[in-house]
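Peer 1: Next come a sequence and a model predicted from it.
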Amino acid sequence: MLKAELLTKMLPYPEKEDRKIWIYLPERSQDEKLPVIYMTDGQNLFDDDATPYGSWGVIDAVENERANGLGSAVIVGVDNGNVYRDSELTPNKIGTVLLREQFNDIFKPEGEIFDDFLINTVKPYVEKNFPVLTGKGSASVCGSSSGGLQAFFTGMEHLLMFSCIGALSPAFLIYSKEDWTAYLEPKIKGDMPYLYIYTGADDLLEKMICNGVEMLSPLLDTLGYPYDKKCEVIMLENKHNETAWREIFPDFLRTALSQMKEN
């Protein structure tokens, strides 16, 4: 068996300095290839000292699933751009961004650039250099807050690439229902990825997030998103922080592993 490894690599990010990505390779046999989950906010996934609330504990979650015989996956985390994070993880094409007063003075929606980086730089690099399976049935995308919005956007933009989307505490509320309808209606057709939506509701921001989820989830149903390809998890006692996402991530991971096995 090959030992587990956590590696990092700097890759060229469009119009900005090179960006660090993290690659966690679980213990595996010599010739084994694994599915892969691409995640936003890489610096918060593995390092317990990265935030006041610790990390997502991704390594523990992956190893627990492997030990329990439920499968395993390579985890690829893309660092956020710090002060540019909200800009990088907010798409422009969905519609007019509401609540702009919540963002900093340099905010400029450019989620399409992050999407291009993930799809055309990170994903090809990972598939070329690491033991990962390729194809829609072998990849998922996940993030939280603005990262949850961006993961949802990337999944919708590349329906043939991902079998599961993890939208955790997603910032759906920053677009109107009308803009969401116009964006999603032409996309919801054929074989859709499994959509895992989570929200808490125990602080002001997470309550706002929850309201956004309660707006978008029924809209997806109305637009015909397959009922068996979507789940919604609401934990009213959870706040908007890494502690909550660390708690929910193992459940998303099990869901993603199941979907990547089926596809």
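Peer 2: Good, I have the coordinates.

Peer 1: What about Asn120, how many residues nearby?
Peer 2: With neighbours defined by other Cβ atoms under 10 Å, the count for Asn120 comes to 11. C-beta coordinates here come from the backbone N, C-alpha and C atoms, glycine included.

Peer 1: make that Glu27, sorry
Peer 2: By other Cβ under 10 Å, 15 other residues sit near Glu27.

Peer 1: Distance check, the closest residue to it other than its chain neighbours against Val62.
Peer 2: Setting aside the residues directly before and after it, Glu27 is nearest to Ala4 in space (Cβ to Cβ, 6 or more residues apart in numbering), at 4.8 Å. Relative to Val62, Ala4 is positioned 9 Å away (Cβ to Cβ, to the nearest Å).

Peer 1: quick one: common contacting residues for these two?
Peer 2: Tyr24, Pro26 (Cβ atoms under 8 Å, 6 or more residues apart in numbering).

Peer 1: in this structure, which spans are strands?
Peer 2: For the chain, the strands defined by DSSP state E occupy 5-11, 19-25, 36-39, 74-78, 139-144, 164-168, 194-200, 230-235.

Peer 1: would you list the ones you listed in CSV and tack on distance to Lys108 and mean neighbour count?
Peer 2: Formatted as CSV, those follow (distance: least, Cβ to Cβ, whole Å; neighbours: other Cβ atoms under 10 Å):
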stretch, distance to Lys108, mean neighbour count
strand 5-11, 22, 13
strand 19-25, 17, 20
strand 36-39, 23, 26
strand 74-78, 19, 26
strand 139-144, 19, 30
strand 164-168, 23, 28
strand 194-200, 26, 25
strand 230-235, 31, 16
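
Peer 1: From Ile23, how far off is the nearest residue to Leu25 once chain neighbours are set aside?
Peer 2: Nearest residue to Leu25 in three dimensions, chain neighbours excluded: Glu5, at 4.6 Å (Cβ to Cβ, 6+ apart). Distance from Glu5 to Ile23, counting by Cβ to Cβ: 8 Å.

Peer 1: Low-confidence stretches in the stretch 101-250 of the chain?
Peer 2: 101, 104 (pLDDT under 70).

Peer 1: 80 - rerun?
Peer 2: The model of the stretch 101-250 of the chain has pLDDT under 80 over residues 101-105, 135-136.

Peer 1: just the helices in it please.
Peer 2: Secondary structure of the stretch 101-250 of the chain (DSSP state H, counting those that start in this stretch): helices located at 111-117, 123-129, 146-157, 177-184, 204-222, 242-262.
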